[in-house]
Every structure is written in structure tokens, then in C-alpha cells.
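Engineer: Give me coordinates for this.
(chains A, B, C and D)
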2 protein chains.
Amino acid sequence: MAEQRKPRRTTVADVARLAGVSAMTVSNVLNAPHRVSEPTVQTVRAAIEELGYMPNHAARALSSGRSQVIGLPLYLEDDTFSEQNPGLGGFLHGLLGGLVKAAAISGYGVHVTTPTEGATEIALYERLIAARQVDAIVVLETMPKDERIEFLSQRRFPFVAFGRTGPQHRQCWVDVDNETSMVGIAQHLRSTGRERAVYLATDSALPWVHQRQAGFLREFPSAVVRSFGSLEAVAAYVAEADRPDVFVADNDAYAVVAMRALQRRGITVGEDVAVTGFNDFPFASMLDTPLTTARIPLRDIARCLFERALREISGDTDQPGRLVTAPLVVRSSA
Amino acid sequence: MAEQRKPRRTTVADVARLAGVSAMTVSNVLNAPHRVSEPTVQTVRAAIEELGYMPNHAARALSSGRSQVIGLPLYLEDDTFSEQNPGLGGFLHGLLGGLVKAAAISGYGVHVTTPTEGATEIALYERLIAARQVDAIVVLETMPKDERIEFLSQRRFPFVAFGRTGPQHRQCWVDVDNETSMVGIAQHLRSTGRERAVYLATDSALPWVHQRQAGFLREFPSAVVRSFGSLEAVAAYVAEADRPDVFVADNDAYAVVAMRALQRRGITVGEDVAVTGFNDFPFASMLDTPLTTARIPLRDIARCLFERALREISGDTDQPGRLVTAPLVVRSSA
DNA sequence: ACATCGGATATTAGCGCTAAAACTAGAGAG
DNA sequence: CTCTCTAGTTTTAGCGCTAATATCCGATGT
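Structural biologist: Model prediction:
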């Protein structure tokens, strides 16, 4: 099938020969041009151009000990997501997009993996680290006490977390400022004169659930708070609830379901009652009544994650955590 | 900061010494155990276990010439997507999820990249290939005549395409059987006794647009076909249209907008008129009137793409293209 | 004039692994 | 009793790059 074996790829040596310098000089032109005199840089660059030379990734990684790749371990469970978490797709798109783009600009790649059936995420990290396959790892959905963070800190391996880490951990993270963002929503509602609020919370121990709720209660201390484990439960509750003038959901899906339940009762959302969500998932603006919500700036967060990862790689292990506010997006629902 | 330099990672040599064999034997136990006698395998495995040895990725790649990574070049443009293409997030989630999982099972990783500002996708391929950073490339959104496919074929570099390639190209692809799937939708509508159909088409030269339309017209030759460049245009048209009994959209977003326009006119979707979409995007089941649509089995497609990529890598360059049908999902809208 | 210094480049020596070739027996054939 | 032959193993030789060190050379100081 393949016509000829061994076309022998062009290497630094070829470039060096053509430019009349040593291989090391070529390497320096590529990696630390300031070490090389201007005329030599020109000559070498010309030779590189002429031969169309591009350095071999594996060789570079082996020799230098850095792979120029950051690892993104992901749980991508089967189809459950579409029912459970319609926003997940948008989340992935924004985060991955931002990360890949930021990485590309700095000459890095993003290595996406997932634990194989039955294996833990830690085992996956172990492999990535031992194989020296990535220079840093991005940890998602961090918990206040998180064994993954513990593991990585203890191994002194560079990482960044999306989600604040607990006080006992290293503080290399970026997170949504859920509390402040929810305060923003609350203040907007207050400014429209609403008073009787119901807060629809997710029934989960994920940190953001509590953070958002705390933010809301700061502005509406007397709000009624209800937790739900499923969209159906939310719908059932809203369908029966006596008439508050605001439903504040801690996520967009709950808000959508609430709006539907209200519309079924003939209540006009945005007039008779206000409804807000959180996330600004892709369909929020295309709903029957476009949803007022807080937009999580995923691309900015991703960029920020990457920058911190870079710093970690270069040895700066004392970066403080960073909170990013999700700006309010006012549409017709509130 | 770092306490001690040079902990010197454990290497094949360490394992070899402990097991009392040569480095090559250790390598063989890892990569081709059938070449090694059973007792030796045991001894070596025990030594590996004891030392917690894991092979260095870069060294392996450099020496063997294969990286055990497949490349996934992606365009992840800034926020435009949420307005333009709310399904993109779900698309990414399904495809990436399937790919990463399939790859992980076979010991492969997925390298996600994007062309840097101003650079072409081809230039990106060039880098990936020259750097020997990936063993195969997954090409998305293939067009009938596609210079990316041309480039990869000509370079004889392993690839798989999502989307059928033109007859002049190599046929290593997996695609949705848009025509047959749309015929499925049409037959379902026919079986409910509907007759007067309007087909809402995307105004684009993407191959699936024509394929789906062709499928529909096979069953409803007399259908009215209209093309639209924006959701607003769809809404405006449907708001004015005289009463057909079916609106068939070639994508879910159009279907959603159409349903909304109909509801505004007081028309009950699913009874007075049927509406269908295509894709089964994450929110299709959570709409006011859950949407009847065709579900693109992204995870299966991704698995299939990966399998083909593997075959390509191992030199089998004569795989035929493969069509995957998107099964009909009947909900209340039709 | 001669030691000194520092910028630019060259040499050396691997990084950790595996392909390929070269050895070992011990089994079976003549 | 020598001569294959083969399964199992070791030896040799890089893969292509860069860290670390050595070398060169002209400019500077006294």
C-alpha cells in the first residue's frame, strides 16, 4: 500500500546543516531566541522555513521533561445528561472552547480523558503524572474537601481547580462568585418592587447550591426556600403554590419548568409573577418567555484557569483563588 | 520551594533489575506479552506492581513512533453559538463523550485543538502531523469536496471524517443517514393522517440540509418547502402561514420557534397541527410541548469514528463509509 | 601586552523507551 | 551425534531533542 518506506523526517540536524550551525543553536532559535545573535536567528529561521521543519513533539517532551499539554479529566456519562442537566452541553462548550483557545495561543494542547470503567479519577491522575503526559491538570467540580486536590498537592503536581478549594487546601482555583451573582439577581427583583419570593433550590450538597441560596437570603431574608430533586417535583410544587410574586431558581432548568407550570395556570410570567434562573444556558433566550438569569462567563473562567495553570507549571504555587461574577442578564421573565 | 531535586523516576531499567530480566523483556511484557513466557510475565508484572512503574509517554512515543493519541480539531467560536446553534453544546458533549470514552478503553487519549487566530485548519493538521503528536485526526463537518480530506489523503495520514466525503475522496467516514431518518419522520406523520405539509429548511449549503429535505420530499412530494436564514424569519413565516397540518423543521431550533409562533396564534401543537424537529437537542423533552424529533446517536457515532481511526492507524485504509440512522423519538408535538 | 570576562556557539551526554538483530538453549530431525 | 529450528531472551542502537558543560573569540581593563 505505502509506496516507499523511510522518507526520514527532517530533524534539527538537517536544519543545522543547511544553516551551517549546530543543532543546539537551532533548538535555541526555537526555544530561546534571545540567546542567539540576530543574524544567526535569521539564517536559521530561513533554513527552517525552507525545509518546512517542525519539531517532534515526543522528542521535545522526552528531552525537556515538559509536554506542553494540559490535562482535562472529564466525566462524560451516557445519555443521562440530557434529562438531568440540559446545560451541561453548553457548559462543556464554553469551558472547553475557552481552554483550548487560550492553550493554543500559548502553544499548548488540551488532553481530554476520562477514567476507564471502574477506575477512579485519582488513578487517572496517577497515570497522567507518571507518564509525564501533561504538564498540569484542570480539576472540575471541586468540593470543599476534595481528595483529588489533596492528591495533587501532596504530589506537588501543577493543577488548577474550577471551584474553590477548602481552607486546608492549596488555593489555586477560579470559581463563580455565586453569592454575589445571586445578590445581583435579588437586587434586580427588589428594584421591580417584588416582595413575596419563593426560592427553588437544587437538592444537592454541591457548594454552589448553598452559595447561591445564601446570596439570595441576604436580600430576601423572609423568602420561602424549597429544595427539589427533580424537575417534576418543581413543576408539581409551582403548580400548587399560592401566589408569590417571584420564583427564583438556582438553575435555569428549574426556572423553565416553573415558568411552564405557571403558564399552564394562565399566569403571565414577567407580569403577574417574575421568574429567574442561573447559568444562561443556550436556550434561555429562545424560550417562550426569554429567561432573566445570570450568565456564567465560562470562556473568561477557562482563560483564567489556563493562565493559572501556566503559572503553576512555571513554579508559582502561591496564587490566590479568584472569584468571577456572573453578570445579570435581564430578559422578559423578570 | 521544591525540597529535593532528582527523585529520579522509576524506569524500565529499575523494573528489569528487580525482576532479573532485561529492559526489553519488561517492554515486551507491557506491549506484547505473548512474546514472553508465562512465568517471566508473572515476575515482571510483580516487579512493576511493586515499584508502581508506569511507562513514560514521551519516551514511548519517540521510540515507537506512535503517540496513542487521536487529534480532534475543533472550531469553538466565541459566544455566537448560543444564539445560532443551541444544539452545539449537546453535540459536543455527545461526540466528545463517546470519543473520549472509546479512546480511553483502548488506551488512547484525545487531543483537542483549535486553529490559532488567523491560521487555517490545514496548518493545524500540518503541525500535528509533523510533530507526530497524534496518530490520527478526526475531521468534523465534512463537505462533499473538502480540502482537509484531500490534504490528509495526499499525506497518507490516518483520519476519519464525521460526514460523508465526496466520491473522489477516500471513504473513511461515518455519517448520519439524514435521508432515511427524515423518511422515518415523514412516515410517522403520514400514519397520523396528516397531508398538508410545510418543510422548514435551513438556508445553507451544508450537506445534511439537502439530504433531509430529499428524504422528506420522497414521502410528501407535494410539500411546501421554505428556507430560512434566521429563527426570526421562521417565526414570522409560521405566524402568517395559512393552516397546513404539519410543520417539519430540519432542525430542533426551527421547530421550537415554529411551535412558539403557533401557540401565540392559539393553535394547539400536537392536535391542530403537528411539528417535528431533528437532532433531539437536550431541551427537546423539556419543552412546553415536548418535541417529536430524530435523535442523532452521537455516542454510537463517536465510538464508530474511533474504531475506524484505530483501523486506519493500523494500516487498513479501505474501510467503506458508514451511515447511522437517527431513530425517531415520538413525543407530543406530532 | 596579558589576564579577564562574557556573549555566542559547539560538544557531549543523555531523556526512557522500543525496533531490530543477535544470541541462547532445548526439542526434534536425520 | 550433529544439524536444524524456534521460542525466549538479551544486546545494540538509536528515536529527535535539549540541559549542561565546554569552547571560542573579540572586547575590556590595567
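
Engineer: quick one: the helices in the stretch 1-150 of chain A?
Structural biologist: Counting by DSSP state H, counting those that start in this stretch, one finds helices in the stretch 1-150 of chain A at the ranges A:12-19, A:23-31, A:38-51, A:57-64, A:80-84, A:88-105, A:121-130, A:147-154.

Engineer: Highest mean neighbour count across the ones you listed, which stretch is it?
Structural biologist: Most buried of the helices of the stretch 1-150 of chain A, by mean neighbour count (mean count of other CB atoms under 10 Å in any protein chain shown): helix A:88-105, with a mean of 23. (Glycine included, C-beta is placed from N, CA and C.)

Engineer: can you give me the strands in chain A?
Structural biologist: All strands of chain A, identified by DSSP state E, fall at A:69-73, A:109-113, A:136-139, A:159-162, A:173-176, A:197-202, A:224-228, A:246-249, A:274-276, A:293-294, A:322-324, A:328-329.

Engineer: Can you pull out the low-pLDDT segments for the stretch 51-200 of chain A?
Structural biologist: Residues of the stretch 51-200 of chain A meeting the criterion pLDDT under 70: A:78-89.

Engineer: for DNA strand C, what are the nearby residues on it?
Structural biologist: Contact residues, the stretch 51-200 of chain A versus DNA strand C (CB under 7 Å from any atom of the strand): A:59, A:62-63.

Engineer: thinking again about what came up before, show me the one of the helices of the stretch 1-150 of chain A that comes nearest B:V26.
Structural biologist: Closest approach to B:V26 among the helices of the stretch 1-150 of chain A (CB to CB): helix A:121-130, 15.0 Å.

Engineer: how far away is whatever residue of the stretch 101-250 of chain A ends up closest to DNA strand C from B:G52?
Structural biologist: For the stretch 101-250 of chain A, the residue closest to DNA strand C is A:R132, as judged by CB to the nearest atom of the strand, at 7.6 Å. Separation of A:R132 from B:G52 (CB to CB, to the nearest Å) stands at 14 Å.

Engineer: With A:L72 instead?
Structural biologist: Taken as CB to CB, the span from A:L72 to B:G52 is 24 Å.

Engineer: circling back to that earlier point, what's near enough to touch the residue of the stretch 101-250 of chain A closest to DNA strand C?
Structural biologist: By CB atoms under 8 Å, 6 or more residues apart in numbering or on different chains, the contact set of A:R132 is A:61, A:65, A:67, B:9, B:56-58.

Engineer: quick one on the thing from earlier: need the helices of the stretch 1-150 of chain A in JSON lines (columns: distance to B:E126).
Structural biologist: Shown next, in JSON lines, are the helices of the stretch 1-150 of chain A (distance: least, CB to CB, whole Å):
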{"stretch": "helix A:12-19", "distance to B:E126": "17"}
{"stretch": "helix A:23-31", "distance to B:E126": "16"}
{"stretch": "helix A:38-51", "distance to B:E126": "13"}
{"stretch": "helix A:57-64", "distance to B:E126": "13"}
{"stretch": "helix A:80-84", "distance to B:E126": "35"}
{"stretch": "helix A:88-105", "distance to B:E126": "14"}
{"stretch": "helix A:121-130", "distance to B:E126": "27"}
{"stretch": "helix A:147-154", "distance to B:E126": "35"}
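
Engineer: so who does the residue nearest the centre of chain A touch?
Structural biologist: Centroid-nearest residue in chain A: A:L95, 3.9 Å away (criterion: CA atoms, centre = their mean). By CB under 8 Å, 6+ apart, the residues touching A:L95 are A:140, A:162, A:298-299, A:301-302.

Engineer: cool, A:T180 as well?
Structural biologist: By CB under 8 Å, 6+ apart, the contact set of A:T180 is A:215, A:323, A:325.

Engineer: Buried subset of these, written for ChimeraX?
Structural biologist: Buried residues within the contacts of A:T180, by 16 or more other CB atoms under 10 Å in any protein chain shown, are selected in ChimeraX with:
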select /A:215,325
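
Engineer: Please identify which of the contacts of A:T180 is nearest to DNA strand D.
Structural biologist: When these are compared against DNA strand D (criterion: CB to the nearest atom of the strand), the nearest one is A:L323, at 35.6 Å.

Engineer: Tell me what the closest one is bridged to.
Structural biologist: Counting by DSSP bridges, A:L323 is bridged to A:D175.

Engineer: I'd say it and A:Q171 touch.
Structural biologist: No - using CB atoms under 8 Å, A:L323 is not in contact with A:Q171, being 11.6 Å away.

Engineer: what's the overlap in contacts for the two?
Structural biologist: By CB under 8 Å, 6+ apart, the residues touching both A:L323 and A:Q171 are A:R164.
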